[in-house]
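Asker: predicted model, plus sequence, below.
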Amino acid sequence: MHRFANPARFLRLSAAILPWSAGATVILMIVGIWLSLFGSPPDYQQGDTVRIMYIHVPAAWMSLFVYTNMAVAAAVGLVWKHPLADLFAKAAAPIGAGFTFICLVTGSLWGAPMWGTWWVWDARLTSVLILFFLYLGYMALVNAFDDPQRGLRAGNVLLLVGIVNVPIIKFSVDWWNTLHQPASVVRMGGPTIDPSMLAPLFVMAAAFTTYFVSVVILRVRAEIAQRRVQTLRLGGAQG
């Protein structure tokens, strides 16, 4: 991975990937929304309220996916001093926080008619809320130091400590008796959702993934440009 530590090489690679990921995002999002609204049937119990699932579930998956990747990047940054790993974690944090916020909001909108309450302090909901605070805490910590490198190192430590929350979120519905339904897609016995509902769910998940790839590339490129501007200013001030 050290060959990708060169910002110039990353910029060339990302320039090649970005048009494809952005194009895939547009196509997948259009197809996913159409399938979610018109190509899948209403649930026999929940009716059309089940369509919230096509936003809520992919957002939940992405909240865990982004944080896990940030934690891996934090380990790479701390152990191998990979400069782009730190920039990736910093760039991905607001995106992951956004996915987690969407997960929490859509979960409340879905839970109100189904459970009769907007919120309960059960294991799944509480652990996802903690994940949201971990994202916010990382962003605050990174920007709390005058020295950017110290902030990034402190943020990396928080990411690695917080990774323990990811398996808690995943298995909370199995370990504790919670109001949240158990896993119905990623489970040992296979999905329990009808294929007509599973297809739009996977398309929306793919759309969210390509969206993340596109935006994180743009944000890392912006971070690299900002670092170059700071270096030039520092060099001018010293001169």
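Answerer: The structure has been received and is ready for your questions.
Asker: counting by contacts, list what the helix ranked longest in the chain packs against.
Answerer: Taking DSSP state H as the criterion, the chain has its longest helix at helix 195-238. The contact analysis (3 or more CB pairs under 8 Å, 6 or more residues apart in numbering; DSSP states H and E) places helix 195-238 against helix 7-34, helix 53-80, helix 83-115. (Each C-beta comes from the backbone N, C-alpha and C, glycine too.)
Asker: for the next helix-or-strand element following the last one, C-alpha coordinates in PDB please.
Answerer: Going down the chain from helix 83-115, the next helix or strand is helix 123-142, by DSSP states H and E. As requested, the backbone C-alpha atoms of helix 123-142 are provided in PDB (Å, rounded to 0.1, in the frame of the first residue of the first chain):
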ATOM      1  CA  ALA A 123     -29.200  -2.300  22.700                       C
ATOM      2  CA  ARG A 124     -29.300  -1.800  18.900                       C
ATOM      3  CA  LEU A 125     -30.600   1.800  19.000                       C
ATOM      4  CA  THR A 126     -28.400   2.900  21.800                       C
ATOM      5  CA  SER A 127     -25.200   1.400  20.300                       C
ATOM      6  CA  VAL A 128     -26.000   3.100  16.900                       C
ATOM      7  CA  LEU A 129     -26.400   6.400  18.800                       C
ATOM      8  CA  ILE A 130     -23.000   5.800  20.400                       C
ATOM      9  CA  LEU A 131     -21.600   5.200  16.900                       C
ATOM     10  CA  PHE A 132     -23.000   8.600  15.900                       C
ATOM     11  CA  PHE A 133     -21.300  10.200  18.900                       C
ATOM     12  CA  LEU A 134     -18.000   8.500  18.000                       C
ATOM     13  CA  TYR A 135     -18.100  10.100  14.600                       C
ATOM     14  CA  LEU A 136     -18.800  13.500  16.100                       C
ATOM     15  CA  GLY A 137     -16.100  12.900  18.700                       C
ATOM     16  CA  TYR A 138     -13.500  12.000  16.100                       C
ATOM     17  CA  MET A 139     -14.300  15.100  14.100                       C
ATOM     18  CA  ALA A 140     -14.100  17.300  17.100                       C
ATOM     19  CA  LEU A 141     -10.900  15.700  18.400                       C
ATOM     20  CA  VAL A 142      -9.100  16.000  15.000                       C
END
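Asker: now what about helix 123-142, what contacts it?
Answerer: Here helix 123-142 makes contact (CB atoms under 8 Å, 6 or more residues apart in numbering) with 60, 63-64, 67, 70, 89-90, 93-94, 96-97, 100-101, 103-104, 107, 119, 148, 151-152, 154-155, 158-159, 162, 165-166, 168-169, 172-173, 175-176, 178, 180.
Asker: what of stretch 74-90?
Answerer: With contact meaning CB under 8 Å, 6+ apart, stretch 74-90 is reached by 1-2, 4-5, 7, 10, 69-70, 73, 138, 142, 152-153, 155-157, 159-160, 216, 220, 223-224, 227.
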